[in-house]
Each structure stands twice: as structure tokens, then as C-alpha cells.
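**Q** got a predicted structure here, sequence first:
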Protein chains: 2
Amino acid sequence: MEPFITPTPVQEIAWPEAGDNRIFLKRDDLLPYSFGGNKVRIARAFFEDMKRRGNDAMIMYGSPRSNLCRVLSALCFDGGIPAVMISSDAAPAQEAPSFNERIVSGLGVRVIRCTADRIASAVDSAFELLRGEGRSPYYIYGDRTGSGNEACAASAYAEAYGEILSDQERLGVRFDYLYTPYGTGATMGGLICGAAMHPAAVNPYIVGISVSSRTHERACGVLEKTWQSYLKELGAELPAAPEELYRLESGYNAGGYGISSSGIEQVIDQMLKRHSVPLDPTYTGKAFLGMLKDLKSHDIHGRNILFLHTGGTPLFFDYMMQGSKGHD
Amino acid sequence: MEPFITPTPVQEIAWPEAGDNRIFLKRDDLLPYSFGGNKVRIARAFFEDMKRRGNDAMIMYGSPRSNLCRVLSALCFDGGIPAVMISSDAAPAQEAPSFNERIVSGLGVRVIRCTADRIASAVDSAFELLRGEGRSPYYIYGDRTGSGNEACAASAYAEAYGEILSDQERLGVRFDYLYTPYGTGATMGGLICGAAMHPAAVNPYIVGISVSSRTHERACGVLEKTWQSYLKELGAELPAAPEELYRLESGYNAGGYGISSSGIEQVIDQMLKRHSVPLDPTYTGKAFLGMLKDLKSHDIHGRNILFLHTGGTPLFFDYMMQGSKGHD
């Protein structure tokens, strides 16, 4: 069954540390399916792609705290599709399983654990396992090296971008900047495609804040490949040079994926106290703090800033359980 | 600052055990403020009432898992209003503090614990404490016996009822029945007032499923007082005899407030697996199961049923942490 997805609200929040910029949140954390978040849109795209290609088993990859794997697991359970999750243990060790892990295993997904340098062979094992059960598996990222399905990943936020343009119109606000967490590149790559698909619109400048461990060079390469793949599929092109449309910042990742800091925890605390909105240390808290730093370092003033709240509510509750871990 | 509240979606869900009835969820769990739920609307009404009366300190009462106290605490923190929570320990002992408790204490609310028979004197102590600080306190339920402010409590869902009528129109569906959890009576009492305020509309028949420990007689009395108080304030009357507009069921409370059962846990599990929507054992899971039983025992067939999902997402995560507690 199709997951239930409705347009999400946009909320202006007071945030004194952002100076005279106006800060808005696009509340994709409120998407109604499986605790919300950007991965609801992206998982739907992968799931539809699997069906379109005639596959009948799902292989996914992510960290133990992966929001994408949570939503994909829900879709697979609902659709009667056997699923295998390859789980990297690159993230810092945790005391207890994350809520996302609990939900994934409650949905009957088989988990193969591996280190970050053994993913390709784990993908092979997953294919073997499912083929041995008479299935035709689909790997969300394409081939065994995790390459080849960038276009599908990007399609979700290319579509969601249209919703953001409608928000602009409805609210009568022109967003000068659109800030988004950058993790796999699917969300930001999709937004860039969205801008390319609406060349005549008043498009916000897109800034990605990397929360991943990738080097800046690698992150930029993955991002470029993502939007290029989908634009090629559409037969479209960027309406301007990339640097006029977006930039990616890798200097705010606090040392790597899943690593927190006292600054991030302060921002999570402030957001909860000021606006009762949950953030988390891995994605949205890190990216929101990165945005605040970026506004300062790029001397951005008097602008309308839209922050894409990409969700991950279960990670907020992990954070509440585990308490402070950050260092600066 | 005004909490950010937007209309919530209505979702149809497949639920084979409901026979040929169509089941819809009004997703008030997705209200954008403080993890959502009916208490967002109700807490806003209390908070506005406090300001209107010229008070400048808040006294609230609830169980340690209270959603209302969570939202009120957020509003008070935001508005710089000192707050005291009177916390009953009537609920079964828990291993760890609930997420709502953690959030409340993180927001600097002072908690007075008492047994259920000592609430009035705890209210006195709270008044004394805050007056001693030069404040003019407001107790959400009125006087020290918890009586007198029913009209304000009811006003929130009297207003929300209009949103449900708009949902009906937008979706082109006539809801024959509106099921709601009954706890304090504020939500159901408000919905009844909403029906009275729209006598010409096609109004669903309202059924409340008690999740509280109150006797049926007492529950009916509290409910009646709630809608009567607000209708009196409005100078309005019920458009028909009460039994033609609503009924309250007290036979599905699993033995009392906060007590779970294996049937409730099964429904929570099914809802998560089938539709990726969180329920909890104290309120929504209990009421949803009660609704299913009620549809059978009242031989209701081929109808459009709207279940008000009153939220409490933090309680879902408590439940995931603590695991099964139910017995049947």
C-alpha cells in the first residue's frame, strides 16, 4: 500500500543567534508515515522503483541509527517484501539498540553487520541469501559498490522541491537560502534537480551541511553524480553554473558521522525549550548548528532562511535516553 | 509565543477486524508543537485562559505520563511563566522516568508528588509556594477540588470540531461515528459542544472509550458537567437529547488508568506494522481496541468511522523501552 504522505507545514521560529535573518523550518519531520522525516519520501521512491523493475526483495544499507532503513522496513513489511539490511558499525558504540534498530528488527528484517570496508561483499551475501529463496532482489544503491541508482534517490526531493515553491507562494515569503543536512546526497541532490526543473521560479540558494564522514572532495563528487544522474534521466540541465545554485559545506561535521559536540547539544536543548521541536545530534541538530555558523561566516544578513527539518524523531528519543555524549 | 498549530490530516486505514466499516484516523498526533496530540489544543486553551484572567503562574495536575503537563510545561517555559506540576502516583510503578517526565523536568517545572486522595492539599501547597514568590497562580482545573474550569477545557475541541467538519467536506466522506479516548473529559466534552455549535451540520455520533479509572457513573457526570459548562458560557444548548448525540463506554478500560493488556499490545503492534502509526497502551491503543470491541458489540456495519488519534508519541517510546507489561 502507498504510504500516507501529505504536504508538511512551514513554521517561522525566533532564533536570536541568527541575527536579523528570518528562520523558517520546513517540517518534514511531520510526514505522517513511520515517524516522518525526509526518508519517508526517499524510501517511497526506492520502493516504487523496486516494483517498477519487477524485483520482489529489498536490500538496504545504513548505520544502526538509519532512518531510511526504518521506513524501508515498514514499506517492505506492509508489502510482503522480504528485506535484508546491511548495517555498518562505523558509528560509535552505543549502550542500547537505537529505536530505529528496535523498529527494524520488530518488522522482521534480517540484519547483516559489517565494517565499512566490507560492504560490497555483504551486498553479495544479501543477494545470494535472497536469490537462494527464489527472489529477485533490489539493492537501493545500485551495484555492489553502492553506485548506479542515484537518479532514483534524487527523484524524491526533486518532487518535494515543488512543494517548497508552493510554500513560498502560500506564505508570501521568498526564501533566499534553503539549508539542508547532507548525508547520502539524495535529499540535497534532489533539491538541486528541483531547482533545475523550475528554472523560471524564484529559487532559493541551496546550502548543504555535511553530517557525514566523507572528505569534502568525495562529498562533492557524490552530490554531483546524484543530481547529474537524475537530470540526465529527465533530459534536463542546470539552469546556471553549480556554484550559482548551491554549495556544500563539510566543515561542520563535528569530526564525522554520528559524532556529537556540546554545541550541537546546546542547539537541541534550545530548540526543544524555545519551540518544542525535536532535533537530534546525528542529523538535524548538527546541520542546524552548521547553518548558524555558516550564516555568520558568510556574513548573511536580513535574509529569509528555510531550514529543511529532515526528521528522525526516534533519534531524539535515543538522545534523551542516552544523555549527553558531546565534547567540543 | 503562540504555539504553532496547523490542521491535521485524516487518513483512511485498512483494518480487517473492523469488518465492512471504513476506518479513518484524525491524526492529531501530528500537531506540530511539543510532539503533538490533543493536549496541544487543550494546553493552549488553558494557557490563554491564564493570561486572560491576569494570572502569572501555572499549577497543573497529571500522572507522571501526562501529555497535558508536557505541553503546558513547554508553553510556560516559552512564556517565562513559573510552573508547578502536581503529580499523582496512582499509575503503576515504572522502572524509569517516562519521556514526558524527563521533558517536564528539563523545562524547569517543580513537581509535587502526592497520592490521589491528597490532591486538594497539594494544590493548596502549590498556591502557597507560588504566592510566596509574589505570583498570582492559575490552577488549570479551577478550585482545589479540581472543579470550576470545565468550560475552558472543553473549548479546545469545540473549536477543533469545526476542523473535523471541514475534513468531512474536503474528503467527501460523511463520518457516521466519531470515536475518541475519554480521560479527563475535556476532549469528548469539547466535541459534544462542537456538535451543539453546528446543529445544522451532518454530525457524527460521538462515542467515548474511557481509559480512566473512574466509575461509569462518575465518568458520565464529569463529562456532562464539562459540556454543560461550556454550552452555558456560549448560551447554547444541545440540539437533541444527549443519548442521540453521544455515549460513553467504560467497559474497555482494562481495569483502570495506565493498566495494559495483551489485547492492547497486539493492537499497538498491528498499527505499527500495518500503517506505521504509533499508539500507546495508556490512551490511544486502549481506546482503539475499545472501539473495535464496541463496533462488534453494537453491531455496527458498513459505516464510516473516524477515530481521533489523540497522540502521545513519547508514550509510544516509553512502551518500546519498557516492553510488554500487559496481561489479559
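**A** Done, it's in.
**Q** how distant is stretch A:194-209 from the center of its chain?
**A** Once both centres are worked out by CA atoms, centre = their mean, to the nearest Å, stretch A:194-209 turns out to sit 17 Å from its chain's centre.
**Q** who in chain A is up against chain B?
**A** A:1, A:3-4, A:6, A:9, A:11, A:14, A:27, A:30, A:32-35, A:71, A:74, A:77-78, A:99, A:102-103, A:106-107, A:269, A:272-278, A:313-314, A:317, A:320-321 (CB under 8 Å from any CB of the partner chain). Heads up, the C-betas are built off the backbone N, CA and C, glycines and all.
**Q** okay, and which of those residues map to helices?
**A** Judged by DSSP state H, the subset of the residues of chain A next to chain B located in helices is A:71, A:74, A:77-78, A:99, A:102-103, A:106, A:269, A:272-275, A:313-314, A:317, A:320-321.
**Q** for the residue in the stretch 151-300 of chain A that chain B sits nearest to, give me its contacts.
**A** Per CB to the nearest CB, residue A:276 is where the stretch 151-300 of chain A lies closest to chain B, at 3.6 Å. The contact partners of residue A:276, taken as CB atoms under 8 Å, 6 or more residues apart in numbering or on different chains, are B:3, B:33, B:34, B:35, B:71, B:74, B:78.
**Q** give me the residues contacting the helix or strand containing residue A:207.
**A** Residue A:207 is part of strand A:205-210 when elements are defined by DSSP states H and E. Identification of contacts with strand A:205-210 by CB under 8 Å, 6+ apart yields A:176-183, A:188, A:191-192, A:195, A:216, A:219, A:223, A:245-250, A:252-253, A:286-287, A:290-291, A:294.
**Q** of the residues you listed, buried ones?
**A** Buried by 16 or more other CB atoms under 10 Å in any protein chain shown: A:176-183, A:188, A:191-192, A:195, A:219, A:223, A:245-246, A:248-250, A:252-253, A:286-287, A:290-291, A:294, out of those.
**Q** take the residues you listed and keep only those in helices.
**A** A:188, A:191, A:192, A:195, A:219, A:223, A:245, A:286, A:287, A:290, A:291, A:294.
**Q** using PDB, write out every CA atom in stretch A:148-165.
**A** Output of stretch A:148-165 as PDB, limited to C-alpha atoms (Å, rounded to 0.1, in the frame of the first residue of the first chain):
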ATOM      1  CA  GLY A 148      24.100   3.300 -10.200                       C
ATOM      2  CA  ASN A 149      20.800   4.300  -8.500                       C
ATOM      3  CA  GLU A 150      21.500   7.900  -7.800                       C
ATOM      4  CA  ALA A 151      18.700   9.100 -10.100                       C
ATOM      5  CA  CYS A 152      16.000   7.300  -8.100                       C
ATOM      6  CA  ALA A 153      17.400   8.600  -4.800                       C
ATOM      7  CA  ALA A 154      17.300  12.200  -6.200                       C
ATOM      8  CA  SER A 155      13.800  11.900  -7.600                       C
ATOM      9  CA  ALA A 156      12.100  12.200  -4.200                       C
ATOM     10  CA  TYR A 157      13.300  15.700  -3.300                       C
ATOM     11  CA  ALA A 158      13.200  16.900  -6.900                       C
ATOM     12  CA  GLU A 159       9.400  16.400  -6.400                       C
ATOM     13  CA  ALA A 160       9.300  17.800  -2.900                       C
ATOM     14  CA  TYR A 161      11.000  20.900  -4.200                       C
ATOM     15  CA  GLY A 162       7.800  21.800  -5.900                       C
ATOM     16  CA  GLU A 163       6.100  21.700  -2.500                       C
ATOM     17  CA  ILE A 164       8.600  24.200  -1.200                       C
ATOM     18  CA  LEU A 165       7.900  26.600  -4.100                       C
END
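**Q** okay, domains of chain A per the record?
**A** A:10-38+A:149-322, A:39-139 (automatic domain parsing).
**Q** per-residue pLDDT, the residue of the stretch 101-250 of chain A at minimum distance from chain B?
**A** Residue of the stretch 101-250 of chain A nearest chain B, by CB to the nearest CB: residue A:102 (5.8 Å). Looking at residue A:102, its pLDDT stands at 94.
**Q** do residue A:95 as well
**A** For residue A:95, the predicted pLDDT is 61.
**Q** then the one 3 residues further on?
**A** Note for residue A:98: predicted pLDDT of 92.
**Q** so what's the backbone phi/psi at it?
**A** Taking degrees, to the nearest 10, you get phi -70, psi 160 for the backbone angles of residue A:98.
**Q** next one: the spatially closest residue to residue A:45 that is not a sequence neighbour from residue A:5, what distance?
**A** What sits nearest to residue A:45 in space, not counting adjacent residues and going by CB to CB, 6 or more residues apart in numbering or on different chains, is residue A:156, at 4.2 Å. Residue A:156 is 10 Å from residue A:5, where distance means CB to CB, to the nearest Å.
**Q** the two: which has the busier surroundings?
**A** Remark: of residue A:156 and residue A:5, residue A:156 carries more neighbours, 24 against 15, as counted by other CB atoms under 10 Å in any protein chain shown.
**Q** what sits against residue A:168?
**A** Counting by CB under 8 Å, 6+ apart, residue A:168 touches A:174, A:175, A:202.
**Q** what touches both of residue A:156 and residue A:5?
**A** A:41, A:44.
**Q** before we move on, the earlier item: so how far is residue B:321 from the residue of the stretch 101-250 of chain A closest to chain B?
**A** Taking CB to CB, one finds residue A:102 at 9 Å from residue B:321.
**Q** what about residue A:60, which SS state?
**A** Of the three states, residue A:60 takes strand under DSSP: H, G, I helix; E, B strand; the rest coil.
**Q** that one touches residue A:71, doesn't it?
**A** No. With contact defined as CB atoms under 8 Å, residue A:60 does not reach residue A:71; the gap is 9.7 Å.
**Q** have a look at these two and say which one is more surrounded.
**A** residue A:71 (32 against 26).
**Q** how near is the more buried one to residue A:172?
**A** Applying CB to CB to residue A:71 and residue A:172 gives a distance of 33 Å.
**Q** now do residue A:117
**A** Where residue A:172 is concerned, residue A:117 sits at a distance of 51 Å (CB to CB).
**Q** out of the two, which sits in the more crowded spot?
**A** When neighbours are counted by other CB under 10 Å, residue A:117 comes out ahead of the other of residue A:117 and residue A:172, with 9 against 6.
**Q** count the neighbours of residue A:315 for me.
**A** Neighbourhood size, residue A:315 [other CB under 10 Å]: 26.
**Q** find me the pLDDT at it, would you?
**A** Residue A:315 is assigned a predicted lDDT (pLDDT) of 97.
**Q** what do you get for residue A:239?
**A** 94.
**Q** so who does residue A:41 touch?
**A** By CB under 8 Å, 6+ apart, the contact set of residue A:41 is A:5, A:28, A:31, A:156, A:157, A:159, A:160.
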